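1. Sequence isn't available, so here's the structure alone:
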């Protein structure tokens, strides 16, 4: 499986990579992007099976990335890993087609539970 991590913080991308390993998903191919615009290029290059995106990023945020992918007919599951997690944001993400919503800080157990349906 190919996983794309999209976050403007290099440190957070490293934390997510570590959590993926701790959750038992370390053997999968993992790619990174710093914002939604860069992620679109990575999607074309690597055809990921799953995208983990931050909500707030410069250039193109996570919601804009999700909307861009869905407008192109993409069926790649995209979920948010973000520090902002109001009920309104969760609802907006769900309504836009997000597959999951993980609030930062999170544990590898939380990540594993959110991603388990995609690894069956």
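-> That came through, no problem. Keep in mind it's a predicted model, so treat the numbers as computed, not measured.

2. show me where pLDDT drops low in this protein?
-> In the predicted model of the chain, no residue satisfies pLDDT under 70.

3. centroid residue for it?
-> By C-alpha atoms, centre = their mean, the chain has its centre lying nearest to residue 52, at 1.0 Å.

4. where's it relative to residue 30, distance?
-> 9 Å (C-beta to C-beta, to the nearest Å). All C-beta spots, glycine's among them, are computed from the backbone N, C-alpha and C.

5. Overlap in contacts, those two.
-> 3-5 (C-beta atoms under 8 Å, 6 or more residues apart in numbering).

6. Show me which of these is closest to residue 43.
-> residue 4 (6.8 Å; C-beta to C-beta).

7. Quick check: that closest one touching residue 48?
-> Yes - using C-beta atoms under 8 Å, residue 4 is in contact with residue 48, at 4.0 Å.

8. thought residue 46 was touching residue 5?
-> No - applying C-beta under 8 Å as the test, residue 46 and residue 5 come out as separate, 11.7 Å apart.
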